[in-house]
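Engineer: I'd like to go over a predicted model; first the sequence, then the structure.
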Amino acid sequence: MKKALSIVLIALVAITAVFAQAASETQAEGGSGELILYTTVSQAHYDIAIAKFNELYPNIKVYYTYGGAGDCKARIQAEASNPQADAMFGGLQYADLAAYGEYFDTYVSVNDYKMQEGYHNTSGKLTFHDIQIPCLVVNDALEAELGIKVTGWNSLLDPALYGKVVMANPTSSSSAWNNLQCLLTDFGGWESEEAWDYIAKLMQNGLVVVSSSSVPGKSTLAGEYVVGLSYEPAIVKLLDAGTTGGHMVFWEEGTTSVGFASAIIKGAKNLENAKLFMDFLQSDEGQQSYLDAAARPATTTKLEGGSPTMVDLSTINVKVADTEALAKNNAAIKEKWNEYWAKYGKN
């Protein structure tokens with residue numbers, strides 16, 4: 001009986017895979033009208049992705065408004081009664097469900113089965129498409145001039161780095177939240193006294209907090225700061241474009257990897273096109289756009305290309321963050337950050 005049941009289950013799985021594959025292959029059929037996006041992705045990546053999308057759907061005219069993750073989410077929330085966009089492209093993490101989940105529609109891409117374990121749309125709302133790794137970017141000349149070696153969190157407390165370390169605001173920037181999430185994980189979790197003691201010391205050492213996630217990488221490589229808290233794709237793209245004078249560092253204490261997602265806005269006026277876009281982001285073509293933009297795709301499909309600047313994950317001390325706890329306590333963590341900033345912050 002057990003053997004017969006196993007055969008039936010195997011057959012059902014095979015049939016499901018065939019239908020999913022068939023749906024994926026036929027996704028490019030149809031599609032016309034408009035698609036309006038709020039997006040956090042870089043202009044270079046946006047151009048690559050939309051060009052590939054329009055190869056599949058030439059009759060869909062895509063419009064976009066760029067903003068930081070916090071700005072996009074706030075705008076979607078403010079427009080909830082009359083949505084002005086169809087989807088948020090990029091910048092969403094599991095942690096956003098607690099505060100913003102109600103503003104996004106339920107849809108699971110026909111290509112979700114292609115994603116790696118841990119990056120499936122288990123919430124029904126978040127279409128995961130890339131895996132981002134936070135990092136430090138260090139200015140070579142300034143590091144040598146100070147006679148220090150930046151290796152991780154503890155090295156940032158060196159008095160020689162007073163006022164010379166920069167990051168974006170983790171209460172509004174998804175990449176900076178990624179940095180904070182990494183820090184909290186390395187020091188025992190968001191409730192850890194050790195973690196918040198470290199944050200106080202980092203702020204007291206003149207930590208500079210800026211509004212834009214693009215500033216830490218660019219300004220550090222330009223020589224305005226010694227160290228910037230950033231994320232791998234941003235720095236890889238700068239280095240691949242010929243920017244010199246700096247290098248990436250992954251925290252010796254541990255670096256967390258986090259999945260980033262997009263989602264359809266509830267009440268989207270171009271709902272069917274928004275669904276096609278979610279399907280595209282997890283398709284082979286959409287995943288290739290991430291690799292072409294120096295990001296790490298979340299797919300199990302083997303893709304060709306990518307940047308030689310991207311490091312082998314086996315060389316990094318990768319830690320697993322408790323994303324559920326961080327998501328559940330997202331508001332409390334940000335409130336505590338603001339309290340510490342008011343007390344210990346430099347600016």
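Structural biologist: Structure's in. What do you need? Numbering: from 1, shown residues only.
Engineer: burial measure for Ala141, as a count.
Structural biologist: Using other C-beta atoms under 10 Å, Ala141 has 11 neighbouring residues. C-beta coordinates here come from the backbone N, C-alpha and C atoms, glycine included.
Engineer: For stretch 299-316, which outside residues touch it?
Structural biologist: For stretch 299-316, contacts defined as C-beta atoms under 8 Å, 6 or more residues apart in numbering pick out 114-116, 133, 232, 236-237, 239-240, 248, 250, 255, 257, 282, 284, 287-288, 291-292, 294, 296-297.
Engineer: I'd like to know which of those residues are part of helices.
Structural biologist: Those of these mapping onto helices are 232, 236-237, 239-240, 284, 287-288, 291-292, per DSSP state H.
Engineer: element containing Leu183?
Structural biologist: Element membership of Leu183, judged by DSSP states H and E, is helix 174-186.
Engineer: With just CA atoms, put that helix into PDB.
Structural biologist: Listed next in PDB are the C-alpha coordinates belonging to helix 174-186 (Å, rounded to 0.1, in the frame of the first residue of the first chain):
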ATOM      1  CA  SER A 174      16.400  48.600   2.800                       C
ATOM      2  CA  SER A 175      20.200  48.100   2.300                       C
ATOM      3  CA  ALA A 176      21.000  49.900   5.600                       C
ATOM      4  CA  TRP A 177      18.400  47.700   7.400                       C
ATOM      5  CA  ASN A 178      20.400  44.800   5.900                       C
ATOM      6  CA  ASN A 179      23.500  46.200   7.500                       C
ATOM      7  CA  LEU A 180      21.700  46.600  10.900                       C
ATOM      8  CA  GLN A 181      20.200  43.100  10.600                       C
ATOM      9  CA  CYS A 182      23.800  41.700  10.100                       C
ATOM     10  CA  LEU A 183      25.000  43.600  13.100                       C
ATOM     11  CA  LEU A 184      22.200  42.400  15.400                       C
ATOM     12  CA  THR A 185      22.700  38.800  14.200                       C
ATOM     13  CA  ASP A 186      26.500  39.000  14.900                       C
END
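Engineer: Just confirm Val41 contacts Ala49, I think it does.
Structural biologist: Yes - look at Val41 against Ala49 with C-beta atoms under 8 Å: they come within range, at 7.2 Å.
Engineer: Quick check: neighbours shared by the two?
Structural biologist: Shared contacts of Val41 and Ala49 (C-beta under 8 Å, 6+ apart): 89, 293.
Engineer: Okay, buried residues for stretch 287-303 please.
Structural biologist: 287-299 (16 or more other C-beta atoms under 10 Å).
Engineer: residue ranges for the strands of the stretch 51-200 of the chain, please.
Structural biologist: 60-66, 87-92, 127-132, 134-139, 165-168 (DSSP state E, counting those that start in this stretch).
Engineer: okay, the ones you listed, which one's buried deepest?
Structural biologist: Sort the strands of the stretch 51-200 of the chain by mean neighbour count, taking mean count of other C-beta atoms under 10 Å, and strand 87-92 sits at the top with a mean of 27.
Engineer: All set, thanks.
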